[in-house]
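Student: Here's my sequence, what's the structure:
(one chain, ligands or ions: 1)
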Amino acid sequence: MLKPFLFIPLLLLVGAPGFWQQTQSTPQNPSTAAAPAAPAPIPPEYANRTNPVKPTPESLARAKQIYSWDCALCHADNGSGKGDVAVEQKLDLLDLRDPSALKPWTDGQLFYIIRNGRGKMPAEGPRAKDDEVWNLIIYLHSMSKGQASTATPAS
Ligand code: HEC
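Tutor: Purely as a prediction, here's the structure:
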């Protein structure tokens, strides 16, 4: 005799993990950044997505807060890329204070990178809302404002 109720949890388990479906075989994004282990390519539809948010002092303060919680451990509060975890794990991070650091990517691609992670960078995943990620990108760009480009990628 079959016990159909046993199959229900099984079906749920099989249906649930949409999170892991990030593998896409699209052409590699041409990028000037050093990418040692060729991270998964960014789906092409992200390249043309424009940043839809109009930042306010409040939304940027929120972005700064998310940055300090989720990003600064690697990228450092000032964006230097010398956060504790980055130093400890010998991660090679670009200096976000240098305007050339974010040049290889459009905002849409940065959105994808933050949401899904890249190489050794963990995914922000669902922790931040879409609006918050877009504000985060504006915050990242602001890190290099008023700084002369030193054009020296972190080695
Ligand atoms: C565990 C360390 C770690 C954390 C935490 C982390 N990153 Fe990264 N990040 C990396 C690494 C490593 C790379 C380089 C990835 C690659 O291209 O291989 C990177 C790359 C990037 C890039 C692409 C530009 C570049 O420097 O190559 C951006 C933008 C970025 N991170 C933003 C963020 C934001 C925003 C957060 C927080 C939501 C965050 N990161 C959290 C490690 C981290």
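Student: Could I get the full set of helices for the protein?
Tutor: Using DSSP state H, the helices of the chain run over 4-15, 57-66, 72-75, 84-88, 107-116, 130-142.
Student: out of those, nearest to the ligand?
Tutor: Nearest to the ligand, of all the helices of the chain, is helix 72-75, at 2.9 Å by Cβ to the nearest ligand atom. C-beta here means a position set from N, CA and C on the backbone, and glycine is covered the same way.
Student: and the closest one, what does it pack onto?
Tutor: In this structure, helix 72-75 packs against helix 84-88, with contacts taken as 3 or more Cβ pairs under 8 Å, 6 or more residues apart in numbering; DSSP states H and E.
Student: can you pull the buried residues of the helix it packs on?
Tutor: Taking 16 or more other Cβ atoms under 10 Å as the basis for neighbour counts, the residues of helix 84-88 that come out buried are A86.
Student: So which elements touch that helix?
Tutor: Taking 3+ Cβ pairs under 8 Å, 6+ apart as contact, the helices and strands that helix 84-88 lies on are helix 72-75.
Student: Not counting its own residues, what contacts the helix it packs on?
Tutor: Contacts to helix 72-75, defined as Cβ atoms under 8 Å, 6 or more residues apart in numbering, come from residues Y67, G81, G83, D84, V85, A86, L91, L93, L96, M121.
Student: Cool, thanks, talk later.
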